[in-house]
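[1] Here is my input, please return the structure:
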Amino acid sequence: MSVFETIQEKLGVTEPWLEKGGVHWLNPSPLSVRELAKAMIALNARFITITAYQLPKEEGLKLEYHWDLDGQLLGFPFLLAGNTIESIYDLSEAVDWIEREIHEGFAVDFTGREYEPLLLREGETPGVNLREEVKK
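    Now for the predicted structure:
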């Protein structure tokens with residue numbers, strides 16, 4: 001069984017992998033971010049980062065969670081209609097900085113955690129520099 005088949009089995013996802021730009025993408029739906037993280041950690045995958053994108057108009061945000069497993073770069077997209085998603089900081093400390101950065105830049109609230117400021121000064125609003133609806 002390939003590493004990709006193992007991940008699909010572990011996640012219970014039958015949708016096929018898509019390879020694009022050296023990254024292997026899999027839609028983890030209907031899993032939560034925490035379920036995905038627990039499965040990846042159980043497979044000895046290493047968390048790399050989260051990439052955040054403001055989607056056009058009022059479609060929300062896209063967060064892409066990136067993991068490395070045996071030299072394979074894996075990407076898992078999550079669409080946010082609002083501004084809240086579960087934190088996985090307690091599962092992998094490597095997540096700390098990027099969750100804080102996304103919180104400040106995109107006003108995403110990662111539930112289950114507290115924030116220590118990275119770049120915001122006292123009185124500044126999270127997301128003011130990047131979220132269109134916060135700028136207005």
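[2] Confirm for me that residue 70 is in contact with residue 2.
    No: using CB atoms under 8 Å, residue 70 is not in contact with residue 2; the gap is 10.5 Å. Any C-beta I mention is one placed from the backbone N, CA and C, and that applies to glycine too.
[3] residues bridging contact with the two, i.e. touching both?
    With contacts defined as CB atoms under 8 Å, 6 or more residues apart in numbering, no residue is shared by residue 70 and residue 2.
[4] Any stretches of the protein with poor pLDDT?
    The model of the chain has pLDDT under 70 over residues 128-136.
[5] list the contacts for residue 40?
    Contacts of residue 40 by CB under 8 Å, 6+ apart are 7, 47, 67, 69, 74.
[6] of all those residues, which two lie farthest apart?
    Distance extremes for the contacts of residue 40: the farthest pair is 7 and 47 at 14.5 Å, using CB to CB.
[7] Between the two, which is the more surrounded one?
    residue 7 (24 against 19; other CB atoms under 10 Å).
[8] now the helices for the chain?
    3-11, 33-42, 96-106, 132-135 (DSSP state H).
[9] residue nearest the centroid of the protein?
    residue 65 (3.6 Å; CA atoms, centre = their mean).
[10] is it true that it touches residue 86?
    No: Residue 65 is beyond contact range of residue 86, at 11.3 Å (criterion: CB under 8 Å).
[11] anything in contact with each of the two?
    Residues touching both residue 65 and residue 86 (CB under 8 Å, 6+ apart) are residue 33.
[12] need the contact list for residue 41.
    91-92.
[13] what about it, distance to residue 69?
    Distance from residue 41 to residue 69, counting by CB to CB, to the nearest Å: 11 Å.
[14] Using TSV, lay out the helices of the chain together with distance to residue 118.
    Listed next are the helices of the chain as TSV, based on distance: least, CB to CB, whole Å:
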stretch	distance to residue 118
helix 3-11	31
helix 33-42	21
helix 96-106	5
helix 132-135	17
